[in-house]
Each structure stands twice: as C-alpha cells, then as structure tokens.
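Peer 1: Below is the structure, and that's it, no one-letter string:
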Ligand SMILES: Cc1cc2nc3c(=O)[nH]c(=O)nc-3n(C[C@H](O)[C@H](O)[C@H](O)COP(=O)(O)OP(=O)(O)OC[C@H]3O[C@@H](n4cnc5c(N)ncnc54)[C@H](O)[C@@H]3O)c2cc1C
C-alpha cells in the first residue's frame, strides 16, 4: 500500500449515509468533504502521507460524544474508523481513513492539576505536549512527554512514548496512573485497581481496545536541566559510534539522554551528524555527556540549561514540515561493528534516493528506556531483561516532497531495514521488539510483543469488545 495522494475524491453520500446518522446524534460536530473545516482538518495532519479523505470527520467535545459516535459505528459494520489525537503518525490510514469516519479528539484537550495533588495532571488525549509543559512550568514541574511540542498526547502515550526523561523515568505510558477509556461497551476508568487488564493492554496498544479520552499522568519536580544540540561533519562518524558504544558499555547513567542522528540534508546536499543530548540535572557540561560534547570538529551548538518546554520547541523547529514521510524502526544491542554496518546500509540506501528534491534521510539511535519492575505495560518486554543497559531503539525517517517518489523511496527504505536487521541478526544483536510509535505501516509491532502478550491482549479485546467493533473497524496496527 503506498500513501494515498491528496486528490482522492470522497463524497458525503458514501458509506450508506453514516454521516447523516452521526449528524442526528452529534449535531454541529460532523464535517463533510469540501467544507472549510473538513479541508483544514485534513491539511492539519503533520505529514502529507496521512492526509486521507474520510467520508466525514467527527469532532467530539465531550467523552460522551466519543461513546455516541462508536455506538453509531456499530450499526455500520462495513465502515472503518480512525482515531486521531495529534495526527503525527506518517502512516497512511492510521489516524485518518480514506472513505471512513475519522474521530478527531483535539477538542478534548483539558490540562489541569488533579484537585489537591501537585504530582498528578489530567490531560485530554487531544492536547499537545507543548501545552502540558507550558502549564507545568508555572509550578516548577514537568512530565514524561514528547520531545517535540506539537505531538499529540493520545497516540504518544498509547504507543509507549520516548521522552527526554526516558533513561531515568521509562516510557511515558508507565508514568500514567489512570486512563478514561471509551470501550465498545461504554466509558470506563483503567488503572491498576479498576480494569487493570485493559490498563496494561492499552499501554503499547494504540486503539485496539478503546479510545482513551483522558490520561492522569505523574508529574515531576523539574525546572531546568542541561541539554541542546550539536552538529558535526560526517567525518566524525567513527568517533560518534564509539562514544555511543562507550556510553552503553559503561555503568548505566540514568541522567544521560542521547538522540544521535546521522543525516542527509537534501537542501544542503550533504551528510552530517547531529546529537541532541540532555543531562537531566542542573549541571553544566557534565562528565556524562563529555564523550559527545567533546567530539571535534563540530559546528556551534545550543547546549545550555533550559526548560522542557524550550527544549521541545527547539526540536520542533528542526522538523521537516509538510512533506511525505516514512518512519521505520528496529531494536539492537549496540557494538561498534554493528553500528558501522547499519550506518553503511543506511548511507547506501540514502544515495539511491538523493535525487528526490529536498529529501531528508535520518538514522537515529536512542537508548531503550528502563521498565517498571512491578507494573508491566502491554509491550510484552520482560522487565528483568534490562534492555536499557545495552540496547538502542533505531528510527529511520525519510522525508520528501513529491508523491511520485512515494513508491520507490518506501521500497528502498524497506530493503535497507531488512538488510540492517539481517546484519544485526548475524551478530546476534537483533531484538524482536518494534516500537509502535516509530513503526512503518508494513511492520508488525503487535507481533513483536510475543505470543503470550498477543494471547493476553486477545482476551482483553474479547472482554471489553465482545462484538469486535475495534477488531473489525478501527484502522492502524492490529493485534
Ligand atoms: C515531529 C514529531 C516528533 C515526534 N517526537 C517523538 C518523541 O519525542 N518520542 C516518541 O516516542 N515519539 C515521537 N514521535 C512519534 C509519535 O510518538 C507518534 O507518531 C505518535 O503516535 C503521535 O501521537 P499523535 O497523538 O500525534 O498521533 P496520531 O497520528 O493522532 O495517532 C497515532 C496512532 O495512535 C492512535 N491513537 C491516537 N490517539 C489515541 C487515543 N486517544 N486512544 C487510542 N489510540 C489513539 C491512532 O489510532 C493511531 O494509530 C514524533 C513524531 C513526530 C511527527
């Protein structure tokens, strides 16, 4: 399946008039093709690859509206639906759906402290992380959220969530105490006491079990910490990989967060390296980052003490905008030799597609987060496996401008990932886990969670969705 072009013509009378039925139940909250609200909604997806044309868009303003929309969908078993929070997945037909019903949660964007609690925040699924950081900054606190401010809360947390604080505090989904979920049977809370099986399955499960409308998240005392970005010429590749290997083979330091990227920038027609790096304490030029901060030569960087909000704005500003994109992921145990092989496969693949105008190709390494020992999420990783010590999550992301390049870029990218995984497997360095928030539409992250987790998730699905509404009609990665 190639990402669809934006020109697909969909009409409001498709799908046996479900839009008319929805308009009766949710007056004023249904938007049809050709209306200005509909067009700006479709255009607001971060990547062009996700700008499908649904038969209608539903914009709930209350949790009950989501329940009402799902009830109508059960009457139309052939109609697919998509759940959208921030709309940041590049995958086509995941948070949007051609000719189906897209439920856009962005009006469910409450951000407020839980009464009487300084350490708990209620956040609507449709909020952006930038709004969360801005709110918390007033209280000298922060949260385990996205490193870019415009990412949505809903997809980020239900997929896991890798934050600045990941090396110390783990996945974002493991920093949640409660979720308000609309299942096929109605509105419930999911937490470690109420519906704990649902609470586990959703953390890593996207929208296979229900639609999360609100999260209660743990906040952390945090004003400023050390961080920023440094860019280096491509000649530093070996020094970069060695610094990463040294970091991962030394004693685990939970304060060090490194996002190491090897890039090709089409607008400059050149390769380079960029480390976005953070030391999660108020300490300038800490020893923990020395291996990376000292690599020479380098271009002037932005290392400083600053807030989560500003670091997230800084990374947001570096994102390629309004482009077609593919994300792909795998998990490896890092060594210098495997890093070299993976880098050279990525470079060769990039050279095959650099004629595509204004292309950006990025290979990024980042630490696997530590897991909560007594609070398993739905991703099926053994919390005793200590993957955070030596393993890295890789993301290969490619951004381009012209839809005519969709098919060939995706093919080159897919072949490259297969080669990387084969090379890692040969060195016994490949881990099966695929991070769902970075996975491409043709990957299968649910299967990577292992059979026992899939079996448990199926039980959860049958219990909360006995008639299979989500299994049959929700789009996205399927369990
Ligand atoms: C610029 C940018 C920066 C990023 N930075 C990071 C980062 O720092 N760390 C990281 O880990 N990832 C990052 N990502 C990846 C990001 O986590 C995923 O794309 C994530 O799914 C986006 O969440 P969203 O709400 O914007 O997604 P959407 O595109 O709205 O949804 C993505 C998926 O989540 C499901 N979903 C959305 N909302 C809900 C809900 N309320 N209930 C149930 N299922 C739901 C949808 O069905 C869909 O399958 C980034 C992506 C971009 C484009």
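Peer 2: Sure, I can see it. Fair warning: this is a prediction, and the values are worked out from it, not measured in the lab. Residues are numbered from 1 along each chain as shown.
Peer 1: Can you tell me which residue of the stretch 251-400 of the chain sits closest to the ligand?
Peer 2: With distances taken as C-beta to the nearest ligand atom, the stretch 251-400 of the chain approaches the ligand most closely at residue 319, which sits 4.3 Å away. C-betas here are computed from N, CA, C, even on glycine.
Peer 1: Tell me, how many residues neighbour that residue?
Peer 2: Residue crowding around residue 319 was assessed by other C-beta atoms under 10 Å; the count is 16.
Peer 1: That one in helix, strand or coil?
Peer 2: Remark: residue 319 carries the secondary structure label coil [criterion: DSSP: H, G, I helix; E, B strand; the rest coil].
Peer 1: who touches it in this structure?
Peer 2: Contact analysis of residue 319 by C-beta atoms under 8 Å, 6 or more residues apart in numbering lists residue 148.
Peer 1: Then the one 5 residues further on?
Peer 2: Contact criterion C-beta under 8 Å, 6+ apart gives 3, 47-49, 90, 399-403, 405-406, 409 as the residues in contact with residue 324.
Peer 1: can you list those in TSV and add neighbour count and secondary structure?
Peer 2: Below are the contacts of residue 324 laid out as TSV (neighbours: other C-beta atoms under 10 Å; DSSP: H, G, I helix; E, B strand; the rest coil):
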residue	neighbour count	secondary structure
3	23	coil
47	22	coil
48	23	helix
49	28	helix
90	24	coil
399	25	strand
400	24	strand
401	17	coil
402	14	coil
403	16	helix
405	18	helix
406	20	helix
409	23	helix
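Peer 1: What is the lowest-pLDDT residue among those?
Peer 2: The member of the contacts of residue 324 with the lowest model confidence is residue 3, at 38 (criterion: pLDDT).
Peer 1: Could you list the contact residues of this protein toward the ligand?
Peer 2: Proximity of the chain to the ligand, by C-beta under 6 Å from any ligand atom, involves residues 46, 83-89, 94-95, 105, 125, 146-148, 151-152, 154-156, 158-159, 161-162, 206-207, 211-212, 319, 437, 476.
Peer 1: Mark which of the residues you listed are part of helices, please.
Peer 2: Of the positions in the residues of the chain next to the ligand, 154-156, 158-159 sit in helices, assigned by DSSP state H.
Peer 1: what about burial for those residues, which qualify?
Peer 2: The neighbour-count test (16 or more other C-beta atoms under 10 Å) marks 154-156, 158-159 as buried among those.
Peer 1: Kindly indicate which of those lies nearest residue 202.
Peer 2: Within those, distances to residue 202 taken as C-beta to C-beta reach their minimum at residue 158, with 5.7 Å.
Peer 1: Just want the residue of the stretch 301-450 of the chain that's nearest the ligand.
Peer 2: residue 437 (3.7 Å).
Peer 1: Now flag whichever of the ones in helices among the residues of the chain next to the ligand is closest to residue 304.
Peer 2: Distance to residue 304, by C-beta to C-beta, is smallest for residue 156 among these, at 25.4 Å.
Peer 1: Would you check that that closest one makes contact with residue 147?
Peer 2: No - between residue 156 and residue 147 there is no contact under C-beta atoms under 8 Å: 10.1 Å.
Peer 1: avg pLDDT for stretch 228-243?
Peer 2: For stretch 228-243, mean pLDDT is 98.
Peer 1: what's in contact with that stretch?
Peer 2: When contacts are taken as C-beta under 8 Å, 6+ apart, the neighbours of stretch 228-243 outside the stretch itself are 260, 262, 270-277, 291-293, 295-299, 301-304, 306, 311, 314-315, 318, 336, 339-340, 343.
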